[in-house]
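Chemist: kindly return the folded structure for what I paste below:
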Amino acid sequence: MKDPKLSHVDSDGNAKMVDVSEKSVTKRTATAQSIVTFPEEVFDRLSKDNFLGKKGSIIQTAIIAGTMAAKKTSDLIPLCHPLALSKIQLDIAPGNKQLEITATVKCEGKTGVEMEALTAASVAALTIYDMCKALTHDINIMETKLMAKEGGKNVFNR
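Modeler: Purely as a prediction, here's the structure:
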């Protein structure tokens, strides 16, 4: 088995952007998830109010924030390539005292969209926290992780 190396570090240990100029353009898709948990009484109150707060719809605001974040990923993560994204979809579903965020991002390009999906899920989770913190600070953002990736050399499915 080939010894894996960090792709964003050169042989001298310096940070570098990966050269994708020789790669082929392919369809790329990535899905990430983040989970936001609440104390039971807070979650029950939010559920009863259809996740509407004084600032508006908690879920719709988080979807918009996650969408905006995916488009800005290369501005936030220093060595990410700017990508022309063709689809960003965020779904936020209530679970057991939690909101489950799923972000799927697609493009046709020379590099994957994992960071865009992870950024979308993360910022959506942070937005939920921001919109609910007046009720409690006992909100946890958990399990932000890549769920699937397709396109390019590697396929990943959790």
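
Chemist: so who does the spatially closest residue to residue 20 that is not a sequence neighbour touch?
Modeler: Once flanking residues are discounted, residue 20 sits nearest to residue 110: 4.1 Å by CB to CB, 6 or more residues apart in numbering. (C-beta placed from N, C-alpha, C; glycine too.) By CB atoms under 8 Å, 6 or more residues apart in numbering, the residues touching residue 110 are 20, 21, 23, 24, 25, 26, 81.

Chemist: next, the residue nearest to the second one when sequence neighbours are not counted: phi, psi?
Modeler: The reference is to residue 21. The shortest distance from residue 21 to any non-neighbouring residue, by CB to CB, 6+ apart, is to residue 110 (7.7 Å). Backbone torsions for residue 110, taken as degrees, to the nearest 10, come to phi -100, psi 0.

Chemist: quick check: the gap between residue 110 and residue 61.
Modeler: Per CB to CB, to the nearest Å, residue 110 is found 33 Å from residue 61.

Chemist: same deal with residue 21?
Modeler: 39 Å.

Chemist: out of the two, which sits in the busier spot?
Modeler: Just comparing residue 21 and residue 61: by other CB atoms under 10 Å the higher neighbour count belongs to residue 61, 18 against 6.
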